[in-house]
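Asks: Below is the structure, and that's it, no one-letter string:
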């Protein structure tokens, strides 16, 4: 099967601090990979490198058959990213934000698509309110709608459940499952072992910037113990 | 979709946000107004040759007002990582530089039109006879400030001391631009026009071209982590 992500010896340093080190990762097209790890393990750095937001210090990344270089503009139209930040403009309404991104991604019939993704994340009657008036959970829903507005082939979701109430989190599980079923490749980072494993085809553990463990999600009965052991070892 | 269309989308987004809050525009205009007022009290306009001090006063108002606008425009992009949202779009980062320059130019030009009108009223300066020349000098000076401001505001907005950092970076490098602007504006205010100031005009054009090109080339690297 063709790989959507091929990372070879991927490394990222921030001055003297190692964010990522020698990460070799291959994600086949259509796979759902959940990456776990304690705070500071490098999950966000990995997502940022894959999303073309951060430039790796060492190694290479190939996304959707294209080697990432400084001019990776074309490939970005096929990637949807949810991060710790919303990438939304507070002074604009949710509709204006979503329409702006839809047009930037050259979405055909942007008005209809915005209504569709707003409905998907259940933004409801807040579509014409300024984003700065939103609660954390509503901002996160709007950010998820923004990431989906151009129907990307690759979804990179960095702890997408943070800030969501149980109903919204359940809705996000449905959205991610639907995207996966439709053939999208999903890489998600999470602290939530239950949700992360139930959605995934494979699960991985990042520890101190290194990929410490990766296994199929179908054999997760011992994964929690493995995860706890790896995290404990990493702290020693 | 063409780069020009995406640049237009970013500029329209910036202007829509600014029209809604008017934060950058009002702070820039009020700060420029304060500068003009202070100088109006400090120098009795009737006792000084305005062609000498007037041009300096006007460009000090433009410069310090523009620094507020530059900080504000980039801060809007920094909050909730809007700039990173733009970096995720299928657009070259050099196009983002062009878009941010255009947004800042439109914003500064609007503020400068108001500031210029206030300057004419406060200092009773006749500019009607050479309005075209003055508009040319203001446009060239603004382009230079925009080229520097977009680059340096992108650098400084990541720092905790951005309000101090931006003027520290910008003002020393803007000195040749300011001298050329003050000299040419002084000549216009004295009623001499620009015929004898072509060397300063050439300097302005060269400054603009140099720093626009430098900003265009370096902007992608400034965005990278």
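Replies: Sure thing, it's come through. Nothing here was measured: the structure is a model prediction, and the numbers come from that model.
Asks: secondary structure class for the residue in chain A that chain B sits nearest to?
Replies: Per Cβ to the nearest Cβ, residue A:87 is where chain A lies closest to chain B, at 3.0 Å. Every residue, glycine included, has its C-beta placed from N, CA and C. Here residue A:87 is recorded as coil under DSSP: H, G, I helix; E, B strand; the rest coil.
Asks: For it, give me the backbone phi and psi.
Replies: Residue A:87 adopts backbone torsions of phi 60, psi 30, taken as degrees, to the nearest 10.
Asks: Could you find the closest non-adjacent residue to it?
Replies: residue B:85 (3.0 Å; Cβ to Cβ, 6 or more residues apart in numbering or on different chains).
Asks: quick check, that neighbour in a strand?
Replies: No: counting by three-state DSSP, residue B:85 is located in no strand; its state is helix.
Asks: quick one: contacts for residue A:37?
Replies: By Cβ atoms under 8 Å, 6 or more residues apart in numbering or on different chains, residue A:37 lies in contact with A:43, A:189, A:205, A:206, A:207, A:231.
Asks: I'd like the list of those that fall within strands, please.
Replies: Per DSSP state E, strands hold the following members of those: A:189, A:205, A:206, A:207.
Asks: Could you look up the SS state of residue A:151?
Replies: What three-state DSSP gives for residue A:151 is coil.
Asks: give me the number of residues near it?
Replies: 15 (other Cβ atoms under 10 Å in any protein chain shown).
Asks: Show the contacting residues for it.
Replies: residue A:107.
Asks: what are the phi and psi values for it?
Replies: The phi/psi pair for residue A:151 (degrees, to the nearest 10) is phi 50, psi 60.
Asks: gap between it and residue A:208?
Replies: Applying Cβ to Cβ, to the nearest Å, the value for residue A:151 to residue A:208 is 36 Å.
Asks: Quick check: beta-bridge partners of residue A:188?
Replies: Counting by DSSP bridges, residue A:188 forms beta bridges with residue A:34, residue A:157.
Asks: before we move on, back to that, show me which of the contacts of residue A:37 is closest to residue B:42.
Replies: residue A:43 (57.5 Å; Cβ to Cβ).
Asks: wait, that closest one sits on residue A:35?
Replies: Yes: contact criterion Cβ atoms under 8 Å: residue A:43 and residue A:35 qualify, at 5.6 Å.
Asks: what is in contact with the two at once?
Replies: Listed as contacting both residue A:43 and residue A:35 by Cβ under 8 Å, 6+ apart are A:189, A:206.
Asks: so which strand or helix has residue B:27?
Replies: Applying DSSP states H and E as the criterion places residue B:27 in helix B:23-42.
Asks: Residues of chain A that sit close to chain B?
Replies: Within chain A, the residues that sit near chain B (Cβ under 8 Å from any Cβ of the partner chain) are A:48, A:51-55, A:70-71, A:73-77, A:79, A:81, A:83, A:85-92, A:96, A:100-101, A:103-106, A:130, A:139, A:146.
Asks: which residues does the residue nearest to residue B:144 when sequence neighbours are not counted contact?
Replies: Nearest non-adjacent residue to residue B:144, counting by Cβ to Cβ, 6+ apart: residue B:177, 4.3 Å away. If a contact means Cβ under 8 Å, 6+ apart, then residue B:177 has B:141, B:144, B:145, B:148, B:204, B:207 as its contacts.
Asks: And the furthest pair within these?
Replies: Across the contacts of residue B:177, no pair lies farther apart than B:148 and B:204, at 13.0 Å, counting by Cβ to Cβ.
Asks: what's near enough to touch the residue of chain B found nearest chain A?
Replies: Minimum separation of chain B from chain A (Cβ to the nearest Cβ) falls at residue B:85, amounting to 3.0 Å. Contacts for residue B:85 were tallied using Cβ under 8 Å, 6+ apart; they are A:87, A:88, A:101, A:146.
Asks: need the residues you listed in CSV with neighbour count and pLDDT, can you?
Replies: Putting the contacts of residue B:85 into CSV (neighbours: other Cβ atoms under 10 Å in any protein chain shown; pLDDT from 0 to 100) gives the following:
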residue, neighbour count, pLDDT
A:87, 23, 92
A:88, 25, 93
A:101, 27, 96
A:146, 27, 95
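Asks: what does stretch B:214-224 contact?
Replies: For stretch B:214-224, the surrounding residues in contact (Cβ under 8 Å, 6+ apart) are A:54-55, A:70, B:83, B:87, B:92-94, B:96-98, B:101, B:147-148, B:150-151, B:154-155.
Asks: Check which helices and strands the longest helix anywhere in chain B is in contact with.
Replies: The helix that spans the most residues within chain B, counting by DSSP state H, is helix B:93-123. Other elements packing on helix B:93-123 under the criterion 3 or more Cβ pairs under 8 Å, 6 or more residues apart in numbering or on different chains; DSSP states H and E are helix B:3-21, helix B:23-42, helix B:50-78, helix B:82-87, helix B:131-156, helix B:198-223.
Asks: Which of those helices sits closest to residue A:198?
Replies: Taking Cβ to Cβ as the criterion, residue A:198 comes closest to helix B:82-87 out of the helices and strands packed on helix B:93-123, the separation being 29.7 Å.
Asks: quick one: that closest one to chain centroid distance?
Replies: 23 Å (Cα atoms, centre = their mean, to the nearest Å).
Asks: dump the residue contacts of the most centrally placed residue in chain A.
Replies: With distances taken as Cα atoms, centre = their mean, the residue of chain A nearest its centroid is residue A:157 (1.5 Å). Each residue near residue A:157 by Cβ under 8 Å, 6+ apart is listed here: A:47, A:81, A:82, A:147, A:176, A:186, A:187, A:188, A:189.
Asks: May I have the residues that are in contact with the closest residue in space to residue B:98 that isn't next to it in sequence?
Replies: Once flanking residues are discounted, residue B:98 sits nearest to residue B:7: 5.4 Å by Cβ to Cβ, 6+ apart. For residue B:7, the contact set (Cβ under 8 Å, 6+ apart) comprises B:95, B:98, B:99, B:102.
Asks: same thing with residue A:56?
Replies: Contacts of residue A:56 by Cβ under 8 Å, 6+ apart are A:10, A:11, A:12, A:20, A:49.
Asks: redo that, cut-off 10 Å
Replies: Residue A:56 makes contacts with A:7, A:9-13, A:19-20, A:23, A:45-46, A:48-50, A:68, as judged by Cβ atoms under 10 Å, 6 or more residues apart in numbering or on different chains.
Asks: for residue A:75, same thing?
Replies: For residue A:75, the contacting residues are A:52, A:62, A:63, A:64, A:65, A:66, A:67, A:68, A:69, A:153, A:154, B:90, by Cβ under 10 Å, 6+ apart.
Asks: which among the residues you listed end up buried?
Replies: For these, a neighbour count by 16 or more other Cβ atoms under 10 Å in any protein chain shown gives the buried set as A:52, A:62, A:63, A:64, A:68, A:153, A:154, B:90.
Asks: So which of these are in strands?
Replies: Among the buried ones among the contacts of residue A:75, the members found in strands (DSSP E) are A:62, A:63, A:154.
Asks: ok, so of the contacts of residue A:157, who is nearest residue B:67?
Replies: Using Cβ to Cβ, the contacts of residue A:157 come closest to residue B:67 at residue A:81, 32.6 Å.
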